[in-house]
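Student: what follows is a protein structure lacking sequence information:
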């Protein structure tokens with residue numbers, strides 16, 4: 001069977017036209033119209049201006065995942081760099097005398113407990129002097145503390161599923177990045193470091209979906225163990241940790257582009273970020289309460305709309321994320337996340353509330369963060385802050401490292417015996433399982 005290029009292009013063009021039409025139709029949906037209206041009222045776009053230069057840090061992690069039915073193994077590399085006032089980048093070896101890239105291996109499984117399961121976690125690091133783990137034994141000690149925490153939660157049947165286990169593994173990997181950023185800020189605060197930027201959203205899984213899967217444990221409890229800081233100290237440091245997402249949902253991109261055009265038109269869409277429009281946010285609350293009262297929107301729909309602006313992330317420690325769109329080139333939309341100890345817009349007892357008193361602080365904070373980040377930029381099409389993409393090159397799990405882990409596992413398995421389980425694991429970790437059987 002053969003295909004002509006023109007035929008493929010014709011087929012794709014038709015599908016893309018259908019996709020475009022779907023967006024147009026969905027935009028006319030009443031709830032989508034309300035979302036667009038309140039989005040444009042909540043935010044106020046602002047142009048970047050001249051600003052003092054300050055030190056800022058960037059943290060990223062690269063990882064690969066080995067997923068089995070009974071356990072997950074995630075080798076990850078995490079690193080941070082600091083950008084000084086003059087735009088130079090410094091590794092943590094230069095600044096703190098620790099390994100510039102920290103290798104961590106995260107193992108998660110579950111054990112039967114009564115009618116449900118409990119999470120079991122093991123963290124290992126071969127690094128002798130890291131920022132997160134100063135010795136190899138620190139990782140083992142932290143593993144024991146994590147498992148003590150997990151054992152305090154009531155058993156859950158949902159943990160028994162492979163999908164839930166994968167999500168818990170990924171959640172733990174994200175919290176290791178967060179813990180690393182907190183330790184970096186704490187270690188360099190006296191050097192004048194203002195903020196540490198994480199590559200990605202600060203919104204963590206337990207806050208968004210299935211928050212009760214680990215009982216009354218949230219990410220702050222886990223991060224407290226990973227950092228060795230009590231919750232109060234951790235929250236204070238986390239206030240200086242920022243999330244910057246390169247990717248976001250298509251609907252959020254469209255809303256953000258509409259927002260920026262509404263204020264600046266097509267000709268001035270560069271170098272824009274957003275803050276909270278105080279009057280507009282009050283109007284948003286009035287609109288949502290009106291729809292709630294008249295039955296135009298249900299409580300679940302209102303809660304989803306509120307999540308566009310802010311979300312609870314650690315429900316047992318009262319930590320929220322507030323979100324802001326920005327664009328530096330007029331095309332690519334990034335999303336900035338900051339932590340807050342209260343929502344800007346919240347929902348309680350059937351009504352929507354506006355926490356007006358925190359808005360001036362948040363707006364001032366966001367403005368300072370954005371200007372500090374974007375004094376220097378990486379000159380690629382989307383223009384991220386300088387240091388944001390550069391740290392990625394340090395931690396990316398390249399093919400040779402991925403191959404090293406696979407080869408190491410396959411070399412170690414025969415030492416453990418020659419029973420049925422070992423033969424199964426050899427097949428699971430074999431590179432051929434990444435391709436269809438019978439093909440090379």
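Tutor: Noted; the coordinates are in hand. All of these numbers come straight from a predicted model, not from anything done at the bench. Residues are numbered from 1 along each chain as shown.

Student: identify the bridge partners of residue 109.
Tutor: Beta-bridge partners for residue 109, by DSSP bridges, are residue 71, residue 120.

Student: residue ranges with poor pLDDT in this structure?
Tutor: Within the chain, the segments meeting pLDDT under 70 span 1-4, 19-29, 204-212, 397-401, 405, 420, 428, 431-440.

Student: out of all of them, which helix in it is the longest?
Tutor: For the chain, the helix with the greatest residue count under DSSP state H is helix 162-188.

Student: mind listing what's buried along that one?
Tutor: Within helix 162-188, the residues that qualify as buried by neighbour count (16 or more other Cβ atoms under 10 Å) are 164-188. To be clear about C-beta, it is placed using only N, CA and C from the backbone, and glycine gets the same treatment.

Student: these two touch, right, residue 347 and residue 297?
Tutor: No. With contact defined as Cβ atoms under 8 Å, residue 347 does not reach residue 297; the gap is 11.5 Å.

Student: these two - which one has more neighbours?
Tutor: residue 297 (21 against 16; other Cβ atoms under 10 Å).

Student: helix 162-188 and the helix or strand that the longest helix of the chain is followed by, what's the angle between them?
Tutor: Per DSSP states H and E, the first helix or strand lying C-terminal to helix 162-188 is strand 195-199. Angle, strand 195-199 to helix 162-188, by axes from the mean of the first three to the mean of the last three Cα atoms, to 10 degrees: 160 degrees.

Student: what is strand 195-199 packed up against?
Tutor: The contact analysis (3 or more Cβ pairs under 8 Å, 6 or more residues apart in numbering; DSSP states H and E) places strand 195-199 against strand 56-63, helix 162-188, strand 241-245, helix 359-373.

Student: quick one: the longest helix of the chain to strand 56-63, angle?
Tutor: Per the same axes, to 10 degrees, the angle that helix 162-188 makes with strand 56-63 is 150 degrees.

Student: can I assume residue 324 sits in a strand?
Tutor: Yes. Applying DSSP: H, G, I helix; E, B strand; the rest coil, one finds residue 324 inside a strand.

Student: so which of the helices and strands packed on strand 195-199 is nearest residue 392?
Tutor: Of all the helices and strands packed on strand 195-199, it is strand 56-63 that lies closest to residue 392, at 5.1 Å by Cβ to Cβ.

Student: now do the closest one against helix 359-373, angle only.
Tutor: Using the same axes, to 10 degrees: strand 56-63 against helix 359-373 is 80 degrees.

Student: report the distance from strand 56-63 to the chain centre.
Tutor: How far strand 56-63 lies from its chain's middle: 11 Å, per Cα atoms, centre = their mean, to the nearest Å.

Student: after that strand, heading C-terminal, what element do we hit next?
Tutor: strand 66-67.

Student: got the buried residues for whatever helix or strand residue 251 lives in?
Tutor: Using DSSP H and E, residue 251 maps to helix 250-264. Within helix 250-264, the residues that qualify as buried are 251-257, 259-260, 263-264, counting by 16+ other Cβ under 10 Å.

Student: repeat that for stretch 345-356.
Tutor: For stretch 345-356, burial by neighbour count (16+ other Cβ under 10 Å) applies to 345-347, 352, 354-355.

Student: which one of the residues you listed is nearest residue 15?
Tutor: Distances from residue 15 to the buried residues of stretch 345-356, taken by Cβ to Cβ, are shortest for residue 345, at 37.9 Å.

Student: beta partners of that closest one?
Tutor: When assigned by DSSP bridges, residue 345 has beta-bridge partners residue 354.

Student: the closest residue to residue 101 other than its chain neighbours: helix or strand, and which one exactly?
Tutor: Here the nearest residue to residue 101 in space, its sequence neighbours aside, is residue 79; by Cβ to Cβ, 6 or more residues apart in numbering that works out to 4.5 Å. Assigned by DSSP H and E, residue 79 belongs to strand 71-83.

Student: what about that strand, distance to the chain center?
Tutor: Worked out by Cα atoms, centre = their mean, strand 71-83 lies 13 Å from the chain centre.

Student: what is the next helix-or-strand element following it packed up against?
Tutor: The C-terminal neighbour of strand 71-83 among helices and strands, as given by DSSP H and E, is strand 89-91. Applying 3+ Cβ pairs under 8 Å, 6+ apart, we find strand 89-91 packed against strand 71-83.

Student: the strand it packs on packs against which elements?
Tutor: Helices and strands touching strand 71-83, by 3+ Cβ pairs under 8 Å, 6+ apart, are strand 56-63, strand 66-67, strand 89-91, helix 92-96, strand 101-113, helix 162-188, helix 390-395, helix 399-412.

Student: return the residues in contact with the residue nearest to residue 425 when sequence neighbours are not counted.
Tutor: Distances taken as Cβ to Cβ, 6+ apart place residue 413 nearest to residue 425, at 5.7 Å, with adjacent residues excluded. Going by Cβ atoms under 8 Å, 6 or more residues apart in numbering, residue 413 touches 422, 425-426, 429.

Student: what's the spacing between residue 413 and residue 270?
Tutor: Distance, residue 413 to residue 270, by Cβ to Cβ, to the nearest Å: 54 Å.

Student: now stretch 38-48: buried residues?
Tutor: Residues of stretch 38-48 classed as buried: 38-46, 48 (neighbour count, 16+ other Cβ under 10 Å).

Student: check stretch 367-384 too.
Tutor: Neighbour-count burial for stretch 367-384 flags 367, 369-377, 383-384 (criterion: 16+ other Cβ under 10 Å).

Student: ends of it, how far apart?
Tutor: Using Cα to Cα, to the nearest Å, the end-to-end distance of stretch 367-384 comes out at 16 Å.

Student: run the chain-centre distance for that stretch.
Tutor: Centroid displacement of stretch 367-384 relative to its chain, using Cα atoms, centre = their mean, is 19 Å.

Student: who's in contact with that stretch?
Tutor: Outside stretch 367-384, the residues that touch it by Cβ under 8 Å, 6+ apart are 46, 48-49, 51, 53-54, 56, 83, 87, 194-195, 197, 242, 244, 246, 271, 273, 275, 326, 328-329, 331-332, 334, 336, 338, 385-390.
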